[in-house]
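1. Test case, fold it:
(2 chains)
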Amino acid sequence: MSTFYVTCAIPYVNAPPHVGHALEFVQGDVVARYHALLGKDTMLLSGGDENALKNVQAANKAGIPVKQFVDTNTEKFLELTKALGCRFDVWQKGSDEKHNFVAAQKLWELCKKDIFKKSYEGLYCVGCEQYYTKEELDENGQCLEHPGKKLDVVKEENYFFRLSKYQDQLVQLITNDTIKIIPDFRKNEMLSFLKQPLQDISISRSNERAKNWGVPVPGDPSQRIYVWFDALNIYQSGVGFGWDEKMYDKWWPADVHVIGKGITRFHAIYWPAFLLCAGLKLPKSIFVHGYFTVNGAKMSKTVGNVIDPFTLIEKYGSDPLRYYFLREIPSTADGDFSESRFKEVYNADLANGIGNLTARIAKLCELNAVHIKNTLPAFSANSHVDQYEFSLALEELWKDIKKLDVQINTDKPWETKDATQIKKYITQLIHIAVALQPFLPDTARKILDQFKGPAIQSAVPLFPRLI
RNA sequence: GCCAGCGUAGCUCAGUGGUAGAGCAGUGUCUUCAUAAGGCAUUUGUCGCAGGUCCGAUCCCUGCCGCUGGCACCA
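-> Have a look, this model is predicted:
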């Protein structure tokens, strides 16, 4: 049996999830469900990026032990995936010593030939407990959070990774789609980035700076592995790397990494370089989605327009939100979220579209005592989904819904009372429901249940109309 | 600043060298199986601005304006 392994980026757990995380989880889930329905053994993974220094800072600020802080916050993300109806098979935590620490250290050992020590000098703000570059400071060369406070010049020895060595190889691999980056403009961005000489990157922090949090560097207890090196590796640590080789061989390499546009470089350049160095297989593709704006404005904590997905799910249900993400948000570009638009789409496509169609057919069956023998059609491949064009895939399905509505109006089955005719509608509706499964799993299941036969009853509306 | 892309009906977007389309919203109408749902019909556009090439440009070129993304240690 062939396998398909999808990952979503592991969210940074120092803040609660917002709609952007929800979008990514849904996209990943659709891809995974789609391949599962095609008969593949499928794995969907995400987890918690827990080893970053900012988590330590946030936990200290809240007066909570770090471990407890990351556990609580990571749990919120996991809850969100469930509320969205996403089926994650593995949720790999960065702080998991048994799996992730072991895996991170194994990757480190495998990369050793290109890891070297180098001293790093930077401007350190004691208030923020963080390094800054000159560009990040105000005109007086001071940190924006702590004006008036002088920054310290701190010198520290860190381990570096010889990224520069892999430049030519990376250009090759990205150009010829060995690592396929979707969409093309993101691929081009990476290639243009690779036109400049690559610099080696720091992959460790002193214990002092890392506040003793994170994965210890093998053989050097004074340093911790820098988050990126172990965070990317969660895609491997979650499927057995370093602790279950049989499982690892089954799943790795990932078929697709689903990520946001802000972290393309880490996935398309750093990550493959680590893997090349370690002699491991490379991910086959990287799908990059955009970000949300809210009513046309950038989503930000300071503006206070961050949308809480839990509230929306509670109010409208998970499938409507999934539908909005998949149909209304362009899969690779930024999209806008507004509740008024959400309601419009809900009424037009869900209540009046698939919901009403289901209700009218069910009622026709009930009134005419139509009985059926149920045979489910096979799930078939969809080139739009293969190309991550979720909106187009749904557009096609909604054309079928419209067609069926037109057919019913033309036939006037309420006059003919022709059971054969009505059975044809059922067949077509079931086709639509089957194709709908990866996108709106709950709705598809409800329709398939309702039309399981032999007798068919009308039921409560799938999507009550919103006022 | 440099590089890439975008700017088309109220909204979201598609599109082509011969003066434009879809969906939603709006309006009218038919119908009643259905969630005041469905069907049909239909209004609206200086296709960002200014030049240029061409018999002719929304689609090609130049400039300008506006927006978005990338330009390394930011999950």
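2. The residue in the stretch 301-450 of chain A that RNA strand B sits nearest to and residue A:459, how far apart?
-> Taking CB to the nearest atom of the strand as the measure, the point where the stretch 301-450 of chain A comes nearest RNA strand B is residue A:355, at 1.8 Å. C-beta coordinates here come from the backbone N, C-alpha and C atoms, glycine included. Relative to residue A:459, residue A:355 is positioned 11 Å away (criterion: CB to CB, to the nearest Å).
3. which of these two has more neighbours?
-> Neighbours were tallied for residue A:355 and for residue A:459 using other CB atoms under 10 Å; the higher tally belongs to residue A:355 (20 against 15).
4. what are the phi and psi angles of the more buried one?
-> When read as degrees, to the nearest 10, the backbone of residue A:355 gives phi -70, psi -50.
5. The one 4 residues further on too?
-> Backbone torsions of residue A:359, given as degrees, to the nearest 10, read phi -60, psi -40.
6. Contact partners for it?
-> Contact analysis of residue A:359 by CB atoms under 8 Å, 6 or more residues apart in numbering lists A:458, A:459, A:461, A:462.
7. Can you tell me which of those are buried?
-> For the contacts of residue A:359, a neighbour count by 16 or more other CB atoms under 10 Å gives the buried set as A:458, A:462.
8. Poorly predicted segments of the stretch 151-300 of chain A, please.
-> Low-confidence segments of the stretch 151-300 of chain A (pLDDT under 70): A:151, A:300.
9. ok, which stretches of it are helices?
-> Applying DSSP state H, counting those that start in this stretch to the stretch 151-300 of chain A gives helices spanning A:167-175, A:184-193, A:207-210, A:227-232, A:234-237, A:245-251, A:264-265, A:271-278.
10. list the buried ones in the third one?
-> This means helix A:207-210. Within helix A:207-210, the residues scored as buried using 16+ other CB under 10 Å are A:207, A:209, A:210.
11. mind checking how far the residue of the stretch 301-450 of chain A closest to RNA strand B is from residue A:437?
-> Using CB to CB, one obtains 17 Å as the distance from residue A:355 to residue A:437.
12. again, but for residue A:212
-> Plainly put, residue A:212 is 47 Å away from residue A:437 if you go by CB to CB.
13. which of the two has more neighbours?
-> Just comparing residue A:212 and residue A:437: by other CB under 10 Å the higher neighbour count belongs to residue A:437, 20 against 12.
14. Surely the more buried one touches residue A:33?
-> Yes. Counting by CB atoms under 8 Å, residue A:33 is a contact partner of residue A:437 at 6.7 Å.
15. Would stretch A:108-119 count as contacting RNA strand B?
-> No. Interface with RNA strand B: stretch A:108-119 contributes nothing (CB under 7 Å from any atom of the strand), its closest point being 9.3 Å away.
16. ends of that stretch, how far apart?
-> Here the two ends of stretch A:108-119 are set 19 Å apart, with distance taken as CA to CA, to the nearest Å.
17. The biggest helix by length in chain A - contacts with which helices or strands?
-> Taking residue count as the measure and DSSP state H as the definition, the longest helix of chain A comes out as helix A:390-411. Taking 3 or more CB pairs under 8 Å, 6 or more residues apart in numbering; DSSP states H and E as the contact definition, the neighbouring helices and strands of helix A:390-411 are helix A:356-367, helix A:383-386, helix A:419-436.
18. got a list of contacts for that helix?
-> In this structure, residues lying in contact with helix A:390-411 by CB under 8 Å, 6+ apart are A:27, A:30, A:323, A:326-331, A:349, A:353-354, A:357, A:360-361, A:364, A:382, A:384-385, A:418, A:421, A:425, A:428-429, A:431-432, A:435-436, A:439.
19. 7 Å instead?
-> Outside of helix A:390-411, the residues within contact range by CB atoms under 7 Å, 6 or more residues apart in numbering are A:30, A:326-327, A:330-331, A:349, A:353-354, A:357, A:360, A:382, A:384-385, A:421, A:425, A:428-429, A:432, A:435-436, A:439.
20. Buried only: go through these for me.
-> Judged by 16+ other CB under 10 Å, buried ones among the contacts of helix A:390-411: A:30, A:326-327, A:331, A:349, A:353-354, A:357, A:360, A:382, A:384-385, A:421, A:425, A:428-429, A:432, A:435-436, A:439.
21. neighbours around residue A:460, how many?
-> The tally of other residues near residue A:460 (other CB under 10 Å) stands at 7.
22. just residue A:369 next, same as before
-> 9.
23. Helix, strand, or coil at it?
-> Following DSSP: H, G, I helix; E, B strand; the rest coil, residue A:369 is assigned to coil.
24. Would you agree residue A:43 is in contact with residue A:89?
-> Yes. Contact status for residue A:43 versus residue A:89: in contact at 5.1 Å, counting by CB atoms under 7 Å.
25. More neighbours: those two, which one.
-> Between residue A:43 and residue A:89, counted using other CB under 10 Å, residue A:43 has the larger neighbour count: 24 against 15.
26. Angles on the backbone of that one, please.
-> Dihedral angles (degrees, to the nearest 10) for residue A:43: phi -130, psi 130.
27. what about the nearest residue to it once chain neighbours are set aside, which helix or strand?
-> Once flanking residues are discounted, residue A:43 sits nearest to residue A:5: 4.6 Å by CB to CB, 6 or more residues apart in numbering. Assigning secondary structure by DSSP states H and E places residue A:5 in strand A:3-8.
28. Return the residues in contact with residue A:166.
-> Contact criterion CB under 7 Å, 6+ apart gives A:273, A:276 as the residues in contact with residue A:166.
29. go again using 8 Å as the cut-off
-> If a contact means CB under 8 Å, 6+ apart, then residue A:166 has A:198, A:272, A:273, A:276, A:277 as its contacts.
30. Ok, residue A:117 next?
-> Here residue A:117 is in contact with A:157, A:158, A:159, A:160 (CB under 8 Å, 6+ apart).
31. What's the separation between the last one and residue A:93?
-> What that stands for is residue A:160. Distance of residue A:160 to residue A:93, computed by CB to CB: 27 Å.
32. Neighbour count: those two, which is higher?
-> Ranked by neighbour count (other CB under 10 Å), residue A:160 and residue A:93 place residue A:93 first, with 23 against 19.
33. Please tell me I have it right and that one contacts residue A:51.
-> No. The pair formed by residue A:93 and residue A:51 falls short of the contact definition of CB under 8 Å, at 9.6 Å.
34. hmm, back to that, mind listing what the residue of the stretch 301-450 of chain A closest to RNA strand B touches?
-> Remark: with contacts taken as CB under 8 Å, 6+ apart, residue A:355 is in contact with A:461, A:462, A:463.
35. Fine, thanks again, bye for now.
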